[in-house]
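> Pasting the sequence and the predicted model now:
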Amino acid sequence: MSHHNSRILIVDDDKVSLLMLKNHLLRQGYDVFCADNGQEALALLGKQRVDLVITDLIMPGMDGLQLMHAAKALYPALPFILYTAQGSIETAVAAIKQGAIDYLEKPFHPQTLDVVLQRTLEFGRLSSENEQLREHYRERFSFHNIVTQSPVMHQTLELAAQVAASPKTTISLTGESGVGKEVLARAIHFTSNGLPAGFVPVNCASIPEALLESELFGHVRGAFTGAEREREGKFSLARGGTILLDEIGDMPLPLQAKLLRVLEDRTYEKVGSNTSIQADFRVIVATHRNLAEMVRQGAFREDLFHRINVVPIAIPPLRERKEDIPLLVEFFLDLFRKHQGKPLPGISKKAMDMIVAYSWPGNIRELRNVLEYAALLTSDELIRPEHLRLPTAPSSAGTAQTATVDFHLSLSPEELSLDALNLKIMEIVLQRCGGNKSKAAALLKVNRKIFYR
């Protein structure tokens with residue numbers, strides 16, 4: 001990749017070497033700026049965007065290292081190359097430890113300089129892109145992106161923002177299905193980490209019990225029948241970041257004991273290995289269940305419950321923050337305008353009144369699904385009551401579920417089988433329950449894990 005037209009600032013109190021370096025860089029096609037002392041260089045940086053600074057180390061007044069520290073306080077990603085006649089390995093190591101990208105000894109060969117310049121400019125470009133990417137993710141996943149004007153929700157977000165500042169603290173998120181536990185977990189992760197990599201969500205209910213331990217901890221070759229090669233677990237993938245253990249209430253008791261050890265000793269082992277690995281990640285757990293009740297029933301370990309309940313954050317259901325519904329409606333419609341690439345004028349007053357009156361047993365997830373369906377049905381008209389796939393009586397969640405359930409099944413003869421019918425019925429019931437797997441399972445009188453499979 002060509003870096004010509006890059007802007008380079010040279011700082012040197014020796015006029016002759018300043019001129020020689022300037023002429024060489026101009027011949028290579030760079031834009032060059034010069035300063036013969038540190039103060040002048042800083043003043044120039046304040047007025048001019050620069051891609052790279054090459055500075056002499058030994059200068060009267062402010063030396064090269066002092067200039068680098070002062071400049072990096074203002075422009076952290078600005079790359080520096082330091083050079084000096086009195087070069088030594090110790091000086092080079094010290095300069096690089098303090099933030100220089102590279103180091104040159106006078107007199108340097110033009111070809112050596114060119115290679116170092118290319119490498120340093122590429123590094124600067126990548127650093128700048130990385131910073132822009134971080135900024136993009138901060139914008140997209142930060143707390144500011146969680147749409148609310150509810151006082152209860154504001155308190156929840158304030159507590160989450162406070163605890164995000166201590167990256168080793170275990171956090172427990174509670175709330176009904178669909179309230180946005182993963183969205184909040186991501187916001188906590190990005191606030192303390194700032195990168196999309198390193199956020200690893202694991203749904204403990206959707207992974208078969210026999211596989212969950214290997215999924216989390218990884219395994220070594222030959223750890224069990226079928227383990228033909230070594231495997232990294234989710235804990236390894238989350239190194240330096242955050243692991244979200246969703247539906248922690250579904251974690252089997254033997255695994256709960258192992259998780260307790262991870263949280264207490266900050267170490268774990270792969271399945272089949274006895275080498276300890278450092279647990280360098282934050283743990284966030286989430287559940288819609290009442291863990292205290294599960295402890296009383298002996299279905300959840302009491303010691304683990306106390307260990308994960310250090311900072312419990314409860315996310316209120318949508319029916320308790322109805323003032324957020326119009327905001328969320330606008331937020332989702334805006335999203336669908338972009339995704340579906342068609343005009344969506346908005347929503348009629350009657351439809352909005354219906355949406356606000358409804359109790360949303362499936363919370364924000366259900367609201368999104370209902371609006372997405374409505375947005376697909378309309379072309380350039382307002383969303384009206386007939387576009388909303390809601391139970392006819394805008395009553396409590398209970399009556400919505402006990403009302404008659406009509407199945408309209410259409411399958412081609414080739415598709416027709418008992419399995420296909422089962423799947424279709426499960427889909428319909430899941431939609432009726434706003435995506436809430438527990439409610440759908442209760443309605444069909446089956447184990448909720450079937451819905452994850």
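Received it, and whenever you're ready, just let me know what you need.
> pLDDT (mean, whole number) over stretch 412-432?
What stretch 412-432 shows for mean pLDDT is 78.
> Please disregard the earlier target; I meant stretch 276-286.
Mean pLDDT, stretch 276-286: 93.
> Check which residues of that stretch are buried.
Neighbour counts over stretch 276-286 (16 or more other CB atoms under 10 Å) mark 277, 279, 281-286 as buried. Every residue, glycine included, has its C-beta placed from N, CA and C.
> Just put those residues in CSV and tack on secondary structure and distance to Glu381.
What follows is those, written out as CSV (DSSP: H, G, I helix; E, B strand; the rest coil; distance: CB to CB, whole Å):
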residue, secondary structure, distance to Glu381
Ile277, strand, 58
Ala279, coil, 54
Phe281, coil, 49
Arg282, strand, 47
Val283, strand, 48
Ile284, strand, 42
Val285, strand, 44
Ala286, strand, 39
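> Find the least confident helix or strand in this protein, judged by mean pLDDT.
helix 397-402 (a mean of 43; mean pLDDT, DSSP states H and E).
> After that one, which helix or strand is next? Please name it.
helix 418-432 (DSSP states H and E).
> Summarise which helices and strands that next one is packed against.
helix 437-444, helix 449-452 (3 or more CB pairs under 8 Å, 6 or more residues apart in numbering; DSSP states H and E).
> Select from those helices the stretch with the lowest mean pLDDT.
The lowest average pLDDT among the helices and strands packed on helix 418-432, as it happens, falls on helix 449-452, at a mean of 74.
> Return the distance of stretch 419-434 from the chain's centre.
31 Å (CA atoms, centre = their mean, to the nearest Å).
> Which one, of the helices and strands packed on helix 418-432, ends up nearest to Leu117?
helix 449-452 (54.6 Å; CB to CB).
> Just name whatever secondary elements the closest one is in contact with.
helix 418-432, helix 437-444.
> helix, strand or coil for Leu328?
helix (DSSP: H, G, I helix; E, B strand; the rest coil).
> How much space separates it from Glu381?
21 Å (CB to CB, to the nearest Å).
> Which one of the two is surrounded by more residues?
Shown here are Leu328 and Glu381; by other CB atoms under 10 Å, Leu328 has more neighbours (18 against 13).
> Nearest residue to the more buried one in space, please, no chain neighbours.
Val147 (5.5 Å; CB to CB, 6 or more residues apart in numbering).
> Tell me the secondary structure of that neighbour, please.
Classified using three-state DSSP, Val147 is coil.
> Test my guess that it contacts Phe331.
Yes - at 4.8 Å, Val147 counts as touching Phe331 under the criterion of CB atoms under 8 Å.
> who's in contact with the nearest residue to Tyr75 once chain neighbours are set aside?
Spatial nearest neighbour of Tyr75, excluding adjacent residues (CB to CB, 6+ apart): Leu45 at 6.9 Å. With contact set as CB atoms under 8 Å, 6 or more residues apart in numbering, Leu45 has these partners: 9, 53, 71, 74-75, 78.
> Apply 7 Å and report the result again.
For Leu45, the contacting residues are 9, 71, 75, by CB atoms under 7 Å, 6 or more residues apart in numbering.
> I'd like to know which of these are buried.
Here, 16+ other CB under 10 Å leaves 9, 71 buried among the contacts of Leu45.
> want to throw the contacts of Leu45 into TSV with secondary structure, distance to Lys338 and pLDDT?
Listed next are the contacts of Leu45 as TSV, based on DSSP: H, G, I helix; E, B strand; the rest coil; distance: CB to CB, whole Å; pLDDT from 0 to 100:
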residue	secondary structure	distance to Lys338	pLDDT
Leu9	strand	41	96
Ala71	helix	40	92
Tyr75	coil	34	84
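> Can you tell me which of the contacts of Leu45 is closest to Glu366?
Looking across the contacts of Leu45 and measuring by CB to CB, the closest to Glu366 is Tyr75, at 47.2 Å.
> Do you have the strands of the stretch 201-350 of the chain handy? List them.
218-219, 231-232, 242-246, 267-268, 277-278, 282-287, 311-314 (DSSP state E, counting those that start in this stretch).
> Tell me the strands beside the fourth one, with direction?
Pairing partners of strand 267-268, with direction, according to DSSP bridges: strand 277-278 (antiparallel).
> And the strand it pairs with, how far out from the chain middle?
Going by CA atoms, centre = their mean, where strand 277-278 is centred and where its chain is centred differ by 23 Å.
> Ok, stretch 339-347 next?
Worked out by CA atoms, centre = their mean, stretch 339-347 lies 27 Å from the chain centre.
> All the helices of the stretch 251-400 of the chain, residue numbers only.
253-265, 291-296, 302-308, 325-340, 349-357, 363-377, 397-402 (DSSP state H, counting those that start in this stretch).
> Packed most tightly, which of those helices would that be?
Counting by mean count of other CB atoms under 10 Å, helix 363-377 has the highest mean neighbour count of those, with a mean of 20.
> which strands and helices sit next to it?
helix 325-340 (3 or more CB pairs under 7 Å, 6 or more residues apart in numbering; DSSP states H and E).
> Could you tell me how far the helix it packs on lies from the centre of the chain?
21 Å.
> got the contact list for it?
Counting by CB under 7 Å, 6+ apart, 147, 149, 318, 344, 346-347, 352, 355-356, 364, 367-368, 371-372, 375 sit against helix 325-340.
> Leaving out chain neighbours, which residue sits closest to Ile96?
Tyr103 (6.4 Å).
> An error on my part: the question was meant for Arg229.
Sequence neighbours aside, Arg221 is the residue nearest to Arg229 in space, at 5.5 Å (criterion: CB to CB, 6+ apart).
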